[in-house]
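Chemist: can't give you the sequence, but here's the structure:
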Ligand SMILES: O=P(O)(O)OC[C@H]1O[C@H](OP(=O)(O)OP(=O)(O)O)[C@H](O)[C@@H]1O
Ligand SMILES: O=c1cc[nH]c(=O)[nH]1
Ligand SMILES: [Mg+2]
């Protein structure tokens, strides 16, 4: 069974309080999403492996730590996931970036795929799939399946707000994918929006409503 990490860092909780407010406009919302993604990336990379290497400082030779093992990639689920990419890259600037285009059909609530472009060596990388919202889980489950169909084996999923229904569905569909959550909310409403949530993340980032 996958592990679920719910963030307890005070800075993350404080910033999530601001993105939830309905009066927070697009400019501030975008900045906050990016800052939260950066802080979550810091937390979600705690277990990356290190190796010792010899270097020379201006004073003497010494041993320092360096990241070892698989290289990283960030894969946002379009559109809303795009808002998290800058924050992730601020922490892991050498990561490559893939894109998966999916939207949730408002009637059926099923994910509709419209784009997929991944780094060529994505299957050799540790991939962080990012999307601010995990509601029913349909979109993240489909995105992760698209990666697995292309040979990707090491996947983590990061979202800012999650509903318990989505977490359960993700764990059932992809028990090998650990989930990093900024805040775990109460439930979904009758339209499968997260309660209390923050509304439609994509619309709030891009000002489309
Ligand atoms: O867990 P689910 O029930 O699938 O819902 C979550 C999805 O819905 C939102 O995207 P949306 O469909 O609004 O697309 P957008 O990012 O283009 O706005 C959100 O960013 C997730 O991708
Ligand atoms: O609450 C929700 C659910 C799905 N997508 C969103 O952007 N918000
Ligand atoms: Mg949307």
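Modeler: Done, it's in. Bear in mind the structure is a predicted one, so any value in this text is a computation, not a measurement. Ligands and ions are numbered 1, 2, ... in the order given.

Chemist: Which single residue in this structure comes nearest to ligand 3?
Modeler: residue 202 (3.1 Å; CB to the ion). Glycine gets a C-beta too; all of them are placed from N, C-alpha and C.

Chemist: and that residue, that one's in a helix?
Modeler: Yes. Counting by DSSP: H, G, I helix; E, B strand; the rest coil, residue 202 falls inside a helix.

Chemist: contacting residues around it?
Modeler: Each residue near residue 202 by CB atoms under 8 Å, 6 or more residues apart in numbering is listed here: 79, 80, 208.

Chemist: From those, list just the buried residues.
Modeler: Buried subset of the contacts of residue 202 (neighbour count, 16 or more other CB atoms under 10 Å): 79, 80.

Chemist: Ligand 2: which of the contacts of residue 202 is nearest?
Modeler: Using CB to the nearest ligand atom, residue 80 comes nearest to ligand 2 of the contacts of residue 202, at 6.0 Å.

Chemist: Residues of this protein that sit close to ligand 1?
Modeler: 77-80, 103-104, 111, 131-140, 166, 192, 200-202 (CB under 6 Å from any ligand atom).

Chemist: So residue 33 lies in a helix, does it not?
Modeler: Yes. Under three-state DSSP, residue 33 falls within a helix.

Chemist: Check the gap between it and residue 146 for me.
Modeler: 23 Å (CB to CB, to the nearest Å).

Chemist: Is ligand 3 within reach of the biggest strand by length in the chain?
Modeler: Longest strand in the chain by number of residues (criterion: DSSP state E): strand 154-162. No. Using CB under 5 Å from the ion, we find that strand 154-162 stays clear of ligand 3, coming within 12.7 Å at best.

Chemist: and that strand, anywhere near ligand 2?
Modeler: No. Using CB under 6 Å from any ligand atom, strand 154-162 never reaches ligand 2; the gap is at least 7.2 Å.

Chemist: just stretch 186-196 next, same as before
Modeler: Yes. Applying CB under 6 Å from any ligand atom, one finds stretch 186-196 touching ligand 2 at 193, 194.

Chemist: Can you check the distance spanned by that stretch, start to finish?
Modeler: 7 Å (CA to CA, to the nearest Å).

Chemist: residues of that stretch that come out buried?
Modeler: Buried residues in stretch 186-196 (16+ other CB under 10 Å): 188, 194.

Chemist: That one: how far from the chain's middle?
Modeler: When distances are taken as CA atoms, centre = their mean, to the nearest Å, stretch 186-196 is centred 20 Å away from the chain's centroid.

Chemist: Residues contacting that stretch, please?
Modeler: For stretch 186-196, contacts defined as CB under 8 Å, 6+ apart pick out 20, 104, 109, 133, 135-136, 161-166, 185, 199-200.

Chemist: Tell me which helix or strand comes right after the longest strand of the chain.
Modeler: Following strand 154-162 in sequence order, the next helix or strand is helix 164-173 (DSSP states H and E).
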